[in-house]
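Peer 1: pasting the sequence and the predicted model now:
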Amino acid sequence: MSQAAAEKLKGTRAVIVDLDGTMVHTTPDFQVAINRMRAELNLAPLSLATITDFVGQGSENLMRRVLAVDFEAAQVEAHFEQAMAAYQRHYLAINGDHSSVYPGVHEGLSAMKAQGLRLACVTNKPIAFALPLLEKTGLRHYFELVYGGDSLPKKKPDPLPMLTVCKDFSFQAAQVVAIGDSSNDAQAARAAGCPVLTVPYGYNHGQPVQSIDSDGIVETLLVAAHLLAA
């Protein structure tokens, strides 16, 4: 990380953390729910790698990309509501069953709390999926605020969720660091005026993490906590 980037982090008072691909490896859950939905539509199952590339811009986008594997645009829209309803039914039934928390997440969040940093989770996952997952993985208690993809009128990469957290905490955007795994997180943070750190292990729409415009790549949330403490 450059000296300039390190300087940007010095006044940090709060941290916004993404969920899927940043704290929790959730694509195995997506694969189960999506392939159960696809079976109802008599479509072949998709691989984990294919589904991973589709993740990150909310459930609506995910469903459209999953359907576009087999259908032209008009047919995608014709099947969308049925597919979405089936996906949500199957996902709620297995939410968190096949997921795992990434290494360093609990330790990193604990360290941030111990430093007196205020924490918010901002995800494009619908709030009805996000809250049970945070509970099941033991992560909910770290966060004062949780915003899902349907909690506000706009979701990432729009800056609105980041700006809302800054307002809720009464901090300037420069005092609130965003941590995520994708260009969505970085674009939202940049547009809001927040510094942004990226983890290298998540889902970035199939693109290398090095292509993301961030202030630095941190191996884990615990490394991020050490960086913020310094």
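Peer 2: The structure has been received and is ready for your questions. Keep in mind it's a predicted model, so treat the numbers as computed, not measured. Residues are numbered from 1 along each chain as shown.

Peer 1: compute the distance between residue 150 and residue 29, please.
Peer 2: Residue 150 is 18 Å from residue 29, where distance means C-beta to C-beta, to the nearest Å. All C-beta atoms are positioned from the backbone trio N, CA, C, and that covers glycine.

Peer 1: which of those two has more neighbours?
Peer 2: residue 29 (21 against 17; other C-beta atoms under 10 Å).

Peer 1: measure the more buried one to residue 100 for me?
Peer 2: Separation of residue 29 from residue 100 (C-beta to C-beta) stands at 10 Å.

Peer 1: got it, and residue 193?
Peer 2: For residue 193 relative to residue 100 (C-beta to C-beta), the value is 33 Å.

Peer 1: now residue 135
Peer 2: Applying C-beta to C-beta to residue 135 and residue 100 gives a distance of 15 Å.

Peer 1: ditto for residue 106
Peer 2: 12 Å.

Peer 1: the two - which one has more neighbours?
Peer 2: When neighbours are counted by other C-beta under 10 Å, residue 106 comes out ahead of the other of residue 106 and residue 100, with 17 against 12.

Peer 1: in which helix or strand would I find that one?
Peer 2: helix 105-114 (DSSP states H and E).

Peer 1: name the residues of that helix that are buried.
Peer 2: By 16 or more other C-beta atoms under 10 Å, the buried positions in helix 105-114 come out as 105-106, 108-109, 111-113.

Peer 1: which one among those residues gets closest to residue 189?
Peer 2: For the buried residues of helix 105-114, the residue nearest residue 189 by C-beta to C-beta is residue 112; the value is 16.6 Å.

Peer 1: in this structure, which helix has the most residues?
Peer 2: In the chain, with assignment by DSSP state H, the single longest helix is helix 73-94.

Peer 1: how is the chain divided into domains?
Peer 2: 3-26+100-229, 27-94 (automatic domain parsing).

Peer 1: can I get the CA coordinates of stretch 153-166 in CSV?
Peer 2: As requested, the backbone C-alpha atoms of stretch 153-166 are provided in CSV (Å, rounded to 0.1, in the frame of the first residue of the first chain):
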residue,chain,number,x,y,z
PRO,A,153,-34.0,3.1,-3.1
LYS,A,154,-30.6,2.4,-4.7
LYS,A,155,-28.0,-0.3,-4.1
LYS,A,156,-24.2,-0.5,-4.8
PRO,A,157,-22.5,0.6,-7.1
ASP,A,158,-24.7,3.7,-6.3
PRO,A,159,-23.2,5.6,-3.4
LEU,A,160,-26.5,6.0,-1.6
PRO,A,161,-25.9,3.1,0.9
MET,A,162,-22.5,4.4,1.8
LEU,A,163,-23.7,7.9,2.2
THR,A,164,-26.6,6.7,4.3
VAL,A,165,-24.2,5.0,6.7
CYS,A,166,-22.0,8.1,7.0
